[in-house]
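Q: next one to model:
(one chain, ligands or ions: 2)
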Amino acid sequence: MIFNNSEISWKGPTEGSSAADFELQYNACISLHFKVPVGTLVKEDGKVVADLTQHGEEYVAAYGGAGGKGNRFFLSNENRAPTLFTPGEPGQERVLHLELKTTAHAGLVGFPNAGKSSLLRAISRAKPAVAAYPFTTLNPHVGIVHYQDYEQVAVADIPGLIKGAHQNRGLGMAFLRHIERCRFLLYVVDLSVSQPWIQLQDLKYELEQYQKGLSERPCVVIGNKIDLAQSRINLPLLKEQIDDRVIALSALTGDNLEELFLHLRELYDTYVKTEQSRGQSPVKW
Ligand SMILES: Nc1nc2c(ncn2[C@@H]2O[C@H](COP(=O)(O)OP(=O)(O)OP(=O)(O)O)[C@@H](O)[C@H]2O)c(=O)[nH]1
Ligand SMILES: [Mg+2]
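A: Ligands and ions are numbered 1, 2, ... in the order given. Down below sits the predicted model:
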């Protein structure tokens with residue numbers, strides 16, 4: 001993008017907007033404002049020049065040139081109707097690349113069709129599309145889980161990953177980068193599929209290949225679709241196979257969501273305490 005003779009700045013998104021939304025405002029030739037989602041990196045020649053991680057944070061990307069002098073400036077007793085003027089100076093020109101890395105406390109990570117979007121709809125007011133075919137979600141959505149003491153936990157619905165995602169299969173790299181900033185992960189597995197622990201192994205493998213240590217973030221495994229008979233058969237087998245805590249629930253019927261609410265809050269409280277003990281302020285929504 002090249003902007004001439006203008007001042008450009010980015011503003012954070014309005015709450016509840018899709019993480020991929022951005023808005024362009026053109027302000028009477030004086031300034032251009034882009035609204036971009038929280039978590040947008042601004043890069044120039046591959047180097048990060050701004051990292052917009054807070055709501056309402058702004059970055060002035062390019063300054064307009066100094067204005068010229070208009071006819072009125074040359075008005076005098078001798079010249080009552082001047083036609084003289086001096087032109088303005090050109091504005092700064094920059095080519096910038098915007099990269100979104102969704103910021104949320106928790107990320108829903110799973111294969112396509114596992115029920116991630118259904119779950120986000122069930123626990124928050126976000127309304128990502130749900131359908132019975134894979135790759136319904138192509139952009140992350142952030143939903144807020146509200147607790148009675150007014151604490152809020154932000155949960156991101158990340159598009160479905162497939163095997164080979166770290167080699168960019170199924171747009172994997174673009175999807176994996178949204179997981180980087182999530183403080184803890186909710187792995188969503190479809191319990192009705194045979195050997196559901198394989199889903200978990202594959203997901204963790206993809207995360208680890210993408211970024212070392214990513215699969216070791218604090219997490220919980222959500223065994224979704226417990227309303228289906230096959231899921232109830234597979235659940236004990238899954239628990240036998242893995243060490244992580246498993247919460248079996250149904251995003252469709254709302255069965256056992258309470259356990260998720262409680263555990264999500266535990267993960268959040270641990271995150272807050274850890275940040276505070278390091279002398280850092282936790283991200284709040
Ligand atoms: N029986 C049952 N079906 C569910 C449940 N949760 C989701 N589904 C169904 O599974 C299908 C996929 O659900 P989505 O929420 O779109 O799945 P997703 O993980 O977001 O899929 P992608 O966006 O493709 O990654 C839909 O037909 C849902 O109605 C559940 O708890 N029980
Ligand atoms: Mg989805």
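
Q: can you tell if stretch 195-211 touches ligand 1?
A: No. With CB under 6 Å from any ligand atom as the criterion, ligand 1 is not reached by stretch 195-211; the gap is at least 11.2 Å. Quick note: C-beta positions are derived from backbone N, CA and C, even for glycine.

Q: next: stretch 101-112.
A: Yes. Counting by CB under 6 Å from any ligand atom, ligand 1 is contacted by stretch 101-112 at 110, 112.

Q: got the residues of the stretch 1-150 of the chain near ligand 2?
A: 117, 136-137 (CB under 5 Å from the ion).

Q: swap in 8 Å and give it another go.
A: Within the stretch 1-150 of the chain, the positions adjacent to ligand 2 are 112, 116-118, 128-130, 136-137 by CB under 8 Å from the ion.

Q: can you redo those as CSV with pLDDT and secondary structure?
A: Formatted as CSV, these follow (pLDDT from 0 to 100; DSSP: H, G, I helix; E, B strand; the rest coil):
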residue, pLDDT, secondary structure
112, 96, coil
116, 97, helix
117, 97, helix
118, 97, helix
128, 94, coil
129, 91, coil
130, 94, coil
136, 89, coil
137, 90, coil
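
Q: for those residues, pick the one with the most neighbours.
A: residue 116 (31 neighbours; other CB atoms under 10 Å).

Q: which residues does the residue nearest to that residue when sequence neighbours are not counted contact?
A: Distance criterion CB to CB, 6 or more residues apart in numbering; nearest residue to residue 116, sequence neighbours excluded, is residue 108 at 4.1 Å. Residue 108 makes contacts with 116, 119-120, 155-158, 186, 188, as judged by CB atoms under 8 Å, 6 or more residues apart in numbering.

Q: using the three-state scheme, assign residue 108.
A: strand (DSSP: H, G, I helix; E, B strand; the rest coil).

Q: separation between it and residue 229?
A: 25 Å (CB to CB, to the nearest Å).

Q: dump the residue contacts of residue 280.
A: With CB under 8 Å, 6+ apart, residue 280 has no contacts at all.
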